[in-house]
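Engineer: Whatever this is, show me its structure:
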Amino acid sequence: MLKKSLVFLCSLILIFTMITPFPSAGSPIGRAIVPEITDAPIDLTGRVIILDPGHGIGSTNIFMGYDEQVAMLGLANRIIPLLEAQGATVLTTRPTEANVPLSVRAAMTNIWALEAVLASNIKDFLISLDLDFDVDELDFSEIDFSQIDFDELCELGDFDVVDLDLCLISLIDFEVFGLTESDLSELDFSQIDLADGALHAFISETSEIRRLISIMQSIIDDPRENATIFMNTPFDPSRAIHPDLQRIFEIQDHPVVAERFLFISLHSNATPRPINTRINGAKVFHISNSHHNTRNYFTGFSYGDLSRHFATILLDHISDTGFRNLGPVVGNFFVIREHNIPGVLAENGFHTNPADRARLMDARFMDRLAVAYLNAITEYFSEISLGSARK
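Structural biologist: Residues are numbered from 1 along each chain as shown. Predicted coordinates for the structure are as follows:
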């Protein structure tokens, strides 16, 4: 019974779990017809791409009939089915036209990455228990960690086997996976060494990740009240990173994030007033520990090199559609600064330039641009094999 229950349990836990994106009011933009893909398909199963369509109603840029929030949401909705057809998991910070605060976008991104690390840790812990099941039989599927009730039985200290049993049931919330009370009564952890440092480390790390997830959730629930506490907003170049956000960044320095995650914020550019309509072209911003505005804030970003590499790849593919390539640029934008995963902010042309704007308002061109994103993403991940970043 134990073997049967554990195999059933493990068949229902995900290596990487993704909660439902932040709900926003507003009507969704319809997805475009998927254009033909000419490149050889690449399996993106296990990869997680977070698309961040810039702006939203009430916080958009409108110029000569062009609306940036509408165009970038439309671009995201063109990219999503292309990626999903290749097996990728695609998450979006703004699924509708409604505006989403920048702090909420960053908090969602942090939660998704933290939950992926947590799920990976749970998988590794279950494997380490060696509880008479074949690791090769593990087939992990989706679980919502927001349902897990991690109670006081999992606090570090003196606890016996019964406490540990209840702790693990609470920690992994076996009932979420459909196990009955009789199934739970068959689970036997008596062979586990309660003094094992790895066990205590696992419980401590899990408790810490859940605490940090709750902090990010508090920003989603009340960004006006909590964002200024934990994130650098409004930006102050003299401010140091909040210790809890730094801890999140440290946890995100993890093979799961390095190998599987990619964040892309979608925008179009505009010149400052007075408008110069002659300036055109695409540029992609990435984070760097050498940026002068982040030297006091934080200089331990893990993925500056990966982000720059993807920025270069993406620009090559975007320029193939007709945009002038203005090169990758180090940036200090909120949505690439307040998390620690590989990511970029892409400016898809200048909507203040007539030629670039005409492209962005052409549905067929936007189909081609979506394919350019697909090809850039597949090229990037084709160079990063799963398991290559394991320490």
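Engineer: Let me know the helix or strand that the residue nearest to Ser382 when sequence neighbours are not counted is in.
Structural biologist: Distances taken as C-beta to C-beta, 6 or more residues apart in numbering place Ile42 nearest to Ser382, at 5.5 Å, with adjacent residues excluded. Glycine gets a C-beta too; all of them are placed from N, C-alpha and C. Using DSSP states H and E, Ile42 falls within no helix or strand.
Engineer: same thing with Thr299?
Structural biologist: Remark: Thr299 resides in no helix or strand, with elements defined by DSSP H and E.
Engineer: so which strand or helix has the most centrally placed residue in the chain?
Structural biologist: The centre of the chain sits closest to Thr109, judged by C-alpha atoms, centre = their mean, with a distance of 4.4 Å. Thr109 is part of helix 102-129 when elements are defined by DSSP H and E.
Engineer: Ser218: what secondary structure?
Structural biologist: Three-state assignment for Ser218 (DSSP: H, G, I helix; E, B strand; the rest coil): helix.
Engineer: hang on, it packs against Asn226?
Structural biologist: Yes. Counting by C-beta atoms under 8 Å, Ser218 does reach Asn226; the two are 4.8 Å apart.
Engineer: Could you report the neighbour count for the residue nearest to Ser385 when sequence neighbours are not counted?
Structural biologist: Residue nearest to Ser385 in three dimensions, not counting chain neighbours: Glu259, with 7.8 Å by C-beta to C-beta, 6+ apart. For Glu259, the count of nearby residues is 19 (other C-beta atoms under 10 Å).
Engineer: Give the buried residues for the helix or strand containing Glu259.
Structural biologist: Using DSSP H and E, Glu259 sits in helix 255-260. Buried residues in helix 255-260, counted by 16 or more other C-beta atoms under 10 Å: Val256, Val257, Ala258, Glu259, Arg260.
Engineer: and after that helix, which helix or strand comes next?
Structural biologist: strand 261-269.
Engineer: Now Ala270: phi and psi?
Structural biologist: Note on Ala270: backbone dihedrals following degrees, to the nearest 10 are phi -150, psi 150.
Engineer: isn't it right next to Phe63, touching?
Structural biologist: Yes. Taking contacts as C-beta under 8 Å, Ala270 lies within contact range of Phe63: 6.7 Å.
Engineer: In terms of neighbours, single out the busier of these two.
Structural biologist: Remark: of Ala270 and Phe63, Ala270 carries more neighbours, 19 against 16, as counted by other C-beta under 10 Å.
Engineer: so who does the more buried one touch?
Structural biologist: Asn61, Phe63, Phe350, His351, Thr352 (C-beta atoms under 8 Å, 6 or more residues apart in numbering).
Engineer: Out of those, which sit inside helices?
Structural biologist: Per DSSP state H, helices hold no members of these.
Engineer: Which of those residues are buried, as a ChimeraX select command?
Structural biologist: Applying 16+ other C-beta under 10 Å to those leaves a buried subset, and the ChimeraX line that selects it is:
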select :61,63,350,351,352
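Engineer: From the contacts of Ala270, pick the one nearest Phe310.
Structural biologist: Relative to Phe310, the closest of the contacts of Ala270 is Phe350; by C-beta to C-beta it sits at 21.7 Å.
Engineer: distance of the closest one from His317?
Structural biologist: As defined by C-beta to C-beta, to the nearest Å, Phe350 lies at a distance of 18 Å from His317.
Engineer: Likewise for Ile122?
Structural biologist: Counting by C-beta to C-beta, the gap from Ile122 to His317 is 36 Å.
Engineer: I'd guessed Ala116 sits against Val256; true?
Structural biologist: Yes. Look at Ala116 against Val256 with C-beta under 8 Å: they come within range, at 5.0 Å.
Engineer: follow-up on the earlier one: quick check: the farthest pair among the contacts of Ala270?
Structural biologist: Spanning the widest gap among these are Asn61 and Phe350, at 10.9 Å by C-beta to C-beta.
Engineer: I figured Ser265 hits Glu347, correct?
Structural biologist: No. Contact criterion C-beta under 8 Å: Ser265 and Glu347 do not qualify, at 9.5 Å.
Engineer: Pull the contacting residues for the residue nearest to Ser238 when sequence neighbours are not counted.
Structural biologist: Counting by C-beta to C-beta, 6+ apart, Ser238 lies nearest to Asn296, which is 5.6 Å off, once chain neighbours are set aside. Taking C-beta under 8 Å, 6+ apart, we find Asn296 in contact with Pro237, Ser238, Arg239, Ala240.
Engineer: And those residues, which is closest to Phe365?
Structural biologist: Pro237 (38.3 Å).
Engineer: wait, is the closest one part of a helix?
Structural biologist: No. Counting by three-state DSSP, Pro237 is not found in a helix; it is coil.
Engineer: Tell me who's in contact with it.
Structural biologist: Asn293, Thr294, Asn296, Tyr297.
Engineer: One more: Asn99?
Structural biologist: So Asn99 contacts Ser24, His55, Gly56, Ile57, Gly58, Ser59, Thr60, Gln69 (C-beta under 8 Å, 6+ apart).
Engineer: burial measure for the last one, as a count.
Structural biologist: Right, the one you point to is Gln69. 23.
Engineer: now the helix or strand it falls within against strand 261-269, angle please.
Structural biologist: Using DSSP H and E, Gln69 maps to helix 68-85. Inter-element angle recorded for helix 68-85 and strand 261-269: 150 degrees (by axes from the mean of the first three to the mean of the last three C-alpha atoms, to 10 degrees).
Engineer: My guess is the residue nearest to the centre of the chain contacts Ile50. True?
Structural biologist: Yes. Between Thr109 and Ile50 there is a contact at 5.7 Å, judged by C-beta under 8 Å.
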